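# Have a look; sequence and predicted model below, questions after that.
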Amino acid sequence: MLYFIEQLLNGIQLGMLLFLLAAGLTLIFGIMDFVNLAHGSLYMIGAYFAATFADWTDSFVLGAILALVATLIVGMALEVVAIRRLYGRDHLDHVLATFGLLLFFNELVRLIWGPAGLTLSLPSEMLNAVQVLPGLYYPIYRLVIIGVTLAVGAVLYVLVMRSRLGMLIRAGASNREMVSALGINIKLLYTLVFGLGAALAGFAGLMQAPILTVQIGMGENILIAAFVVVTIGGIGSIRGAFVAAMLVGIVDTIGRAFVPDLLHVYLSEAAASSLGRALSSMSIYLLMALVLIVRPAGLFPAATR
Amino acid sequence: MSNLLTPRIAVNVALVLLLGLVPVYAALTGNIFAMTLFARIMILALAALSLNLIMGYGGMVSFGHAAYLGIGGYAVGILAKEGIGSGFVQWPVAIAASALYALVVGALSLRTRGVYFIMITLAFAQMIYYVAIGLDRYGGDDGLTIYHNSQFDGLIDIGNKTVFYYLCFAILMAGIYLVWRIVNSRFGLVVQGARSNERRMRAIGFPTFRYKLACFVIAGAMCGLAGALLANHTNYISPAMMGWTRSGDLIVMAVLGGMRAPFGPLIGAMTFLVLEELLTRATDYPNLIIGPLLLIVAIYVNGGIDGLLGRARRG
Amino acid sequence: MADALLEITNVTKRFGGVVASDRISLALDRGELHAVIGPNGAGKTTLIGQLTGEIRPDAGSVRFDGADITALPVYRRSAIGLARSFQITSLFLDFTALDNVALAVQAHAGHSFRFWRDAHSDNELREPARAALAAVGLAERAAMLAADLSHGERRQLEIAMALATKPRMLLLDEPMAGMGPEESARLIEILRKLKGGVTILLIEHDMDAVFALADRISVLVYGRIIASGDPAAIRADPVVRQAYLGESEGGADRG
């Protein structure tokens, strides 16, 4: 039972990371109608920047802040130089362009930092575990991830739903021409939104860096999961991204933790192990397929443009 | 006569001739690698051709098309490992298995639109990818070597590189012709109409779902054949055949060459793979050039290379 | 009531709190051209949607030639002889005008699981398509891409496509929208020629067209039919004048 709760917490923590990525993706897609395969690259860059800056400044927090700023700048620069020329085009053109960017960034990172990954160590206070339930100790840092992301999520929600900027963002989503006719600088708005998405991705990357990984190609694996989250949640919906992220994070983690063991009860060792691995990797896709069959536009589809 | 010799037609004819003469060149210069490279180009061109059918003409952007390459390849590999070496069994199974998976994927995915469709096709490809990784008996993550090519009872020996090359050539040419006939037939017009304006198609009375599904299955089957060829070409199968980056490569090839152009996929496959080959030799970091190149093509070149050729005529 | 081809009975549709269609009842006789007029937001689009099958009524029924088609799917309505044109032009823009109409013909030529023969040179499809184009005066534009046609020509093409299916009834959703006086006059003539041969439900704002063509007129306001009858009666009806026609000076003499 305690093991289950521990896995549940891990699932929630994974869900938080997915939420950060999915929120950026869903904003960019919902508002600019742009499919961004290079989003995982921004996640990767955030992690690499954090590892490097933390190394230079000898401080995890300072390194994280610098990395966040750097990723934001890279994101906005990318939007100005490349992304904005693709608005309004076929999604296929977006796929082609961002696929190229993805390849480029992976190669660039390899050029600058080499093929082996980096490590980022946590400040010593974070290394301990804290007792969440009688008999269950959970690493502080993972709790920090959950907490910080919830805070970010709340800020994001308030920003998009309640603030004037958020209103402009949502208005720009449904009627771009109208908003620019009103004198709002829509180019700047889009650049900011893209930058925000990049910052969220970079933030996810740097947060998971100490406990998971900093290596080339790390963006691709989680990007697919993030796309699954956006699809399940409904494009353009932050709330949907959150709910879906929790679902996906939990299903994936619990699946990997329990499915192989479950199968061992019924099948032979070899079969259980192969099938177990396959099924647990597939769980989130099965979930997505199921959701789309019942609700082809996701759980919380935002109003169509 | 002058309007028969447009730049587009000239390039296509030159391409076919070039491909036909590669083995001759290889025999004369001893450069076997050229045959290996171009055989691979033709096989992937066949895969890109099948993707072009659903994506270029049908508007169905599938990010999971490499799954059928994998299914076709694994059909050959698995049967070979289990002692069934006859191509007369392996290849039909490869095609049938791919068609079946396409039927299932299509039936579930075609209810969705736009980005959701892209994502769900990706998911289904990932599913089969993970299944392949889990198949310990057939190599799992490491893949499986195939020791004997598909046997055709003495009718044709595809272990001979030249014979195999011309077989791929024949199949590709037949495929290009077949796709051309399909897209101009009544069936093809329904699929193209559904791409152009699906709501109107339904309003005038077409039950578009079944036509799109049939198209999806045909494309899957064709790609399955490409998979069987690929397995014989490399004598090796692995889950990487159906990775999503491979699906991405196929999309790139189809778009690069020009969608809705009969020879587009071939041009795209050739351009992409030759470029990749050249750049890999020239530098340790080929993607630093390929990446931005794709970006530039996406931004500035509408209609791919075929589009450029078409514009070249109008001057 | 004479031979009613289309019977709409108590059709009601709510969207949230808004009643878009409020117990609408209407009957169209064979060969009649029946115009439905009303201010914007009156629910005309919702009404058409329930006739084409894109919207399911919450209550009431739609009968076509005696059969209940209330729940019939969109793609089957064309097969039973009910064709529509779209308010916002919905054509196959990257196809030629002829190809557009040929597709409509093809939809009624049995199944299309034919993979080999070139459909572009299939006379079974091309001849009726050319005839439909000629009927709307677009014969010379056959080879032009739909995207390159003028606004008025696209409207004509819309009607040609509806005609190509040899319908028994045409649902025309504001075909005059956005047309200049010359184009409108041309379209009025085309519709005049079609009258009698095919039953037409015409949704329109253009009063010249309505009073020139309609056998009967129904007035739709806030989802309800407030008046229905021949043009002279409608013109004289004080309720209608107040709700709709009387909103600007000059009443019936609108130029």
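Arrived safely, thanks for sending.
# helix, strand or coil for whichever residue of the stretch 101-250 of chain B sits closest to chain C?
For the stretch 101-250 of chain B, the residue positioned closest to chain C under Cβ to the nearest Cβ is residue B:205, at a distance of 3.4 Å. (C-beta placed from N, C-alpha, C; glycine too.) Secondary structure assignment for residue B:205 (DSSP: H, G, I helix; E, B strand; the rest coil): coil.
# for it, what are its contacts?
C:75-79, C:107-108, C:165 (Cβ atoms under 8 Å, 6 or more residues apart in numbering or on different chains).
# now the residue in the stretch 101-250 of chain C positioned nearest to chain A, nearest residue through space, not along the chain?
Distances from the stretch 101-250 of chain C to chain A, computed as Cβ to the nearest Cβ, single out residue C:147 as the nearest residue at 15.8 Å. Leaving out its chain neighbours, the residue that sits closest to residue C:147 by Cβ to Cβ, 6 or more residues apart in numbering or on different chains is residue C:93, at 4.1 Å.
# and that neighbour, that one's in a helix?
No - applying three-state DSSP, one finds residue C:93 to be coil, outside a helix.
# Now do it: how many residues are near it, please.
Look at residue C:93: counted by other Cβ atoms under 10 Å in any protein chain shown, it has 15 neighbours.
# cool, the one 3 residues further on as well?
Burial of residue C:96 is recorded as 19 neighbouring residues (other Cβ under 10 Å).
# Double-check it against residue C:144; I have them as touching.
Yes - Residue C:96 sits in contact with residue C:144 when judged by Cβ atoms under 8 Å, with a separation of 6.2 Å.
# Next, find the distance separating the nearest residue to residue B:135 once chain neighbours are set aside from residue A:263.
When the adjacent residues along the chain are set aside, residue B:135 lies closest to residue A:274, with 6.4 Å between them (Cβ to Cβ, 6+ apart). Taking Cβ to Cβ, to the nearest Å as the measure, residue A:274 falls 9 Å from residue A:263.
# what does the stretch 51-200 of chain C have sitting close to chain B?
Where proximity means Cβ under 8 Å from any Cβ of the partner chain, the interface of the stretch 51-200 of chain C facing chain B comprises C:52, C:74-79, C:83-84, C:86, C:90-95, C:99, C:102-104, C:106-108, C:112-120, C:122, C:125, C:161, C:165.
# Buried only: go through the residues you listed for me.
The neighbour-count criterion (16 or more other Cβ atoms under 10 Å in any protein chain shown) marks C:52, C:74-75, C:77-78, C:83-84, C:86, C:90-92, C:95, C:99, C:102-104, C:106-108, C:112, C:114-115, C:119, C:122, C:125, C:161, C:165 among those as buried.
# In strands, which of the residues you listed fall?
C:83-84 (DSSP state E).
# Helix or strand: which one has residue B:169?
Following DSSP states H and E, one finds residue B:169 within helix B:161-184.
# which helices and strands sit right next to the lengthiest helix in chain A?
Scanning chain A for the helix with the most residues, using DSSP state H, yields helix A:2-32. Identification of packing neighbours for helix A:2-32 by 3 or more Cβ pairs under 8 Å, 6 or more residues apart in numbering or on different chains; DSSP states H and E yields helix A:39-57, strand A:129-133, strand A:136-139, helix A:140-162, helix A:164-174, helix A:186-208, helix A:218-233, helix A:238-266.
# Recalculate using a threshold of 7 Å.
For helix A:2-32, the contact count by 3 or more Cβ pairs under 7 Å, 6 or more residues apart in numbering or on different chains; DSSP states H and E identifies helix A:39-57, strand A:136-139, helix A:140-162, helix A:164-174, helix A:186-208, helix A:218-233, helix A:238-266 as packing neighbours.
# The second one pairs with which strands, and in what direction?
As defined by DSSP bridges, the strand partners of strand A:136-139 come to strand A:129-133 (antiparallel).
# could you give the angle of the partner strand to helix A:2-32?
Regarding strand A:129-133 and helix A:2-32, their directions subtend 100 degrees when assessed with axes from the mean of the first three to the mean of the last three Cα atoms, to 10 degrees.
# For strand A:129-133, list the C-alpha coordinates in PDB.
C-alpha atoms of strand A:129-133 as PDB (Å, rounded to 0.1, in the frame of the first residue of the first chain):
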ATOM      1  CA  ALA A 129      13.700  12.500   2.400                       C
ATOM      2  CA  VAL A 130      10.800  13.600   4.500                       C
ATOM      3  CA  GLN A 131       8.100  11.500   6.100                       C
ATOM      4  CA  VAL A 132       4.800  12.100   4.400                       C
ATOM      5  CA  LEU A 133       3.000   9.200   5.900                       C
END
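# Tell me the gap between that strand and the middle of its chain.
Between the mean C-alpha point of strand A:129-133 and the mean C-alpha point of its chain there is a distance of 26 Å (Cα atoms, centre = their mean, to the nearest Å).
# now swap in stretch A:108-117 and tell me
Its chain's average C-alpha position is 22 Å from that of stretch A:108-117, according to Cα atoms, centre = their mean.
# What mean pLDDT does that stretch get?
Per-residue confidence for stretch A:108-117 averages out to 91 on the pLDDT scale.
# C-alpha coordinates for it, CSV please?
Output in CSV follows, covering the C-alpha atoms of stretch A:108-117 (Å, rounded to 0.1, in the frame of the first residue of the first chain):
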residue,chain,number,x,y,z
LEU,A,108,24.2,21.9,-31.7
VAL,A,109,24.1,20.6,-28.2
ARG,A,110,26.4,17.7,-29.2
LEU,A,111,28.8,20.2,-30.7
ILE,A,112,28.9,22.5,-27.7
TRP,A,113,28.6,20.0,-24.8
GLY,A,114,29.7,16.7,-26.4
PRO,A,115,27.8,13.5,-26.8
ALA,A,116,28.0,12.4,-23.1
GLY,A,117,25.4,14.0,-20.9
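# separation between residue B:271 and residue A:23?
As defined by Cβ to Cβ, residue B:271 lies at a distance of 37 Å from residue A:23.
# who's more crowded, these two?
The neighbour comparison of residue B:271 against residue A:23 (other Cβ under 10 Å) goes to residue A:23, with 31 against 19.
# follow-up on the earlier one: buried sites along the longest helix of chain A?
Under the neighbour-count rule (16+ other Cβ under 10 Å), helix A:2-32 has A:6-7, A:9-32 buried.
# circling back to that earlier point, so where does the residue nearest to residue B:135 fall, helix or strand?
Using DSSP H and E, residue A:274 sits within helix A:269-294.
# orientation of that helix relative to helix A:238-266 in degrees?
150 degrees.
# Residue C:6: which of the contacts of residue B:205 is nearest?
When these are ranked by distance to residue C:6 (Cβ to Cβ), residue C:77 comes first, at 11.5 Å.
# Great, nothing more from me.
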